[in-house]
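*Asks:* need a structure here:
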Amino acid sequence: MTLLRMVMALPDPRFSTPRVLGVDDFAIRRGQTYSTYSTVLTSVEDQRVVDVLPTREAGPLAAWLIRHPDVEIICRDRAGAYAEGARRGAPDALQIADRIHLWQGLGRAVETCVAAHRDCLRDPSPSGMLPKATRLTSGRPQDDQAPVGRRAARRKAAHTLTHELFAQGHSRRAIARHLG
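*Replies:* Numbering: from 1, shown residues only. So this is what the prediction gives:
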């Protein structure tokens, strides 16, 4: 208890306005909608929390930036409210996208592109690992109760082929390599 009293008696740490400010939202309560989200402001260079704003709106961010004019770079997600708040509160600051949102956007773009050109891609499995008769050819299921969509059809065909190969005595590792 003495140690806790001593720590509690310490003054709150002072911080200088960060040069590079990170702006992102977080859920106040787990599994809630965006109405229960707040904004966390971080110093990107020091990796510490600078402040927490009560909402995800432009007004509080703009007001905070006006009170702290030394911010040069604002690293944020693509939320329109954060863009507007940064524009109003620090018009001279450079706004950049944060790394996680860039990676997420890139991942979605690659996934969409690959899905659109899936038929152009070759089978990446090395030839000769398993008998030629067991290779996937069309990717279409053979029974009457075919699932809807090409992805579901390929999944069902791969599932059937997996069981056939296992019944033929191939190891799980060899089947996994073959099917990729």
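
*Asks:* helix/strand/coil for the one residue sitting closest to the centre of the chain?
*Replies:* Central residue check for the chain by Cα atoms, centre = their mean: the C-alpha nearest the mean position is that of Q104, 4.4 Å away. Of the three states, Q104 takes helix under DSSP: H, G, I helix; E, B strand; the rest coil.

*Asks:* what distance separates the start and the end of stretch 49-59?
*Replies:* From the first residue to the last, stretch 49-59 extends over 20 Å; the measure is Cα to Cα, to the nearest Å.

*Asks:* give the buried residues for it.
*Replies:* By neighbour count on 16 or more other Cβ atoms under 10 Å, the buried set for stretch 49-59 is V50, L53, T55, R56, A58. (Each C-beta comes from the backbone N, C-alpha and C, glycine too.)

*Asks:* who's in contact with the last one?
*Replies:* Translated: A58. Neighbour list for A58: A81, Y82, E84, G85, R88 [criterion: Cβ atoms under 8 Å, 6 or more residues apart in numbering].

*Asks:* can you select the buried ones from the residues you listed in PyMOL?
*Replies:* Buried subset of these, written as a PyMOL selection, criterion 16+ other Cβ under 10 Å:
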select buried, resi 81+82+85
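
*Asks:* nearest to I28 among the contacts of A58?
*Replies:* Distance from I28 was checked for each of the contacts of A58 by Cβ to Cβ. The minimum falls on A81, at 16.5 Å.

*Asks:* phi, psi of the closest one?
*Replies:* With angles defined as degrees, to the nearest 10, A81 shows backbone torsions of phi -60, psi -40.

*Asks:* so who does it touch?
*Replies:* Counting by Cβ under 8 Å, 6+ apart, A81 touches R56, E57, A58, L61.
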